[in-house]
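> Output the structure for:
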Amino acid sequence: MIGSRSLTVHYLFRAVIMAGFCFYILHLVKSGSLVYYIAPRMEMYVKCAAIALFVIALYQGFLGLRSFLGKSGTPCECEHMPSGSIVRNLWLYGLFLLPLTLGFLLPDKLMGSDVVAMKGMNLSGASGAAKADGKAAGPPDAAVQAPAVKTPELSASAVTADTRAETRSSSDEELKRLFPSDGFSEPYVSLGMKLYKQDRIVIKETGFMELLTAVDLFLDRYVGKKMEITGFVYREPDMREDQFVVSRLSMMCCSADSSPYGVLVESAAAKTLKKDSWVKIVGTIGTTKYRDNEIMRLNATSIESIQAPETPYVYPYYDEFEKLAD
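Alright, predicted model coming up:
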């Protein structure tokens, strides 16, 4: 039977570990580093977990005090007694102490190229997946030859309510032909049509993946249009000196499920950019072949070095996609 003094040590160990995790979460919140590991929508749950851990630590400390005073462990006498093996206990508590110790000792660091190299970069993945499944958005040849949607020129006297309505209806029908809908692309059609009407397509942090997917699904329609995108510099070993990827890491819940997304950029200034440096790119949309796949290419006309944003990752957008183009 395990002794009272030994049982007290177990309770104190548990209290210290629970309190340690609680204060580590508080440290991340205070330093603003929690966003490196957890999506914003999960932060409230993690903060509530810190409160729960603190309560558990207090309770374990209370049980340790009872044991030290010679009283039985839990008031309900329903506790599972710990093992008397030193090796087993060291192994068990080490499973908790090791990550906690590493958390305090290692610097809070933004994920970048090293993580991308392990997980693999998604370059124009949406379009590739759609075409592979036979769900390409319309015939490619027709898309390339499709004329831009233009409003007919009318004299001031000829512009009436009826002609405006007729012109608008004609333009809408033309857009619908350019952006056919199927089961895969349907959520992106309205967004794609709105983006098509814009002089410059801005890939914002909010809805980053959805905006990029809308362009990628109907890529042939956007060839020659301007795009603005922000991210960090990443390079694959087989890329040319004038090529790099402007990248962002997408996070669903936590850093463990993060996935890298990006666009291949070509520029003579590419070789001067350091890995993981943050840039804002403005360029012209085109296509290119990379590893036998046709992907989106951005021919950069402007490259601006910027500081990493406070929220470096991007997250799924749960509202209506077409609002992203407003």
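> for the stretch 201-326 of the chain, what spans make up the strands?
Chain-ordered strands for the stretch 201-326 of the chain, with DSSP state E, counting those that start in this stretch as the definition, fall at 226-234, 243-250, 259-266, 278-290, 293-306.
> Could I get the full set of helices for the stretch 51-200 of the chain?
86-105, 113-119, 125-132, 140-145, 161-178, 186-196 (DSSP state H, counting those that start in this stretch).
> quick revisit: output the strands of the stretch 201-326 of the chain as CSV; include the columns mean pLDDT and distance to residue 214.
Using the backbone N, CA and C atoms, a C-beta is placed for each residue, glycine as well. Below are the strands of the stretch 201-326 of the chain laid out as CSV (pLDDT from 0 to 100; distance: least, CB to CB, whole Å):
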stretch, mean pLDDT, distance to residue 214
strand 226-234, 96, 12
strand 243-250, 94, 15
strand 259-266, 94, 13
strand 278-290, 95, 12
strand 293-306, 94, 12
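> by how many degrees do the longest helix seen in the chain and helix 86-105 diverge?
Among the segments of the chain that qualify as a helix by DSSP state H, the longest is helix 4-31. Interaxial angle, helix 4-31 versus helix 86-105 (axes from the mean of the first three to the mean of the last three CA atoms, to 10 degrees): 20 degrees.
> Tell me the buried residues in helix 4-31?
7-25, 28 (16 or more other CB atoms under 10 Å).
> which ones are touching the nearest residue to residue 307 once chain neighbours are set aside?
Distances taken as CB to CB, 6 or more residues apart in numbering place residue 278 nearest to residue 307, at 6.4 Å, with adjacent residues excluded. Shown in contact with residue 278 (CB atoms under 8 Å, 6 or more residues apart in numbering): 230-233, 305-309.
> what about the longest helix of the chain, distance to the chain center?
Put simply, helix 4-31 sits 32 Å off its chain's centre (CA atoms, centre = their mean, to the nearest Å).
> just checking, what packs against that helix?
The helices and strands touching helix 4-31, judged by 3 or more CB pairs under 8 Å, 6 or more residues apart in numbering; DSSP states H and E, are helix 43-68, helix 86-105.
> Bridged to the residue nearest to residue 307, which residues?
Residue 278 has these beta-bridge partners by DSSP bridges: residue 232, residue 306.
> re the thing from before, confidence-wise, which of the helices of the stretch 51-200 of the chain is weakest overall?
Mean pLDDT is lowest for helix 140-145 among the helices of the stretch 51-200 of the chain, at a mean of 36.
> on that earlier part again, may I see the helices and strands packed on helix 4-31 organised as a markdown table, with mean neighbour count and distance to residue 123 added?
Converted to a markdown table, these look like this (neighbours: other CB atoms under 10 Å; distance: least, CB to CB, whole Å):
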| stretch | mean neighbour count | distance to residue 123 |
| --- | --- | --- |
| helix 43-68 | 16 | 31 |
| helix 86-105 | 12 | 33 |
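> Using JSON lines, lay out those helices together with distance to residue 223.
Formatted as JSON lines, the helices and strands packed on helix 4-31 follow (distance: least, CB to CB, whole Å):
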{"stretch": "helix 43-68", "distance to residue 223": "40"}
{"stretch": "helix 86-105", "distance to residue 223": "47"}
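> wait, which of the ones you listed is closest to residue 297?
helix 43-68 (36.7 Å; CB to CB).
> Specify the angle between that closest one and helix 4-31 in degrees.
160 degrees.
> And helix 43-68, what does it pack against?
So helix 43-68, by 3+ CB pairs under 8 Å, 6+ apart, packs with helix 4-31.
> what's the average pLDDT for the helix it packs on?
Per-residue scores along helix 4-31 average to 90.
> Ok, stretch 69-81 next?
Here stretch 69-81 scores 62 as its mean pLDDT.
> go on, stretch 312-325?
90.
> Now the terminal residues of it, how far apart.
By CA to CA, to the nearest Å, the extent of stretch 312-325 from end to end equals 21 Å.
> hmm, who's touching it?
Residues from elsewhere that reach stretch 312-325 (CB under 8 Å, 6+ apart): 35-36, 39-41, 110-111, 187-188, 190-191, 194-195, 198, 204-211, 214, 248-252, 258, 261.
> Go through stretch 312-322 and flag the buried ones.
312-315, 317, 321-322.
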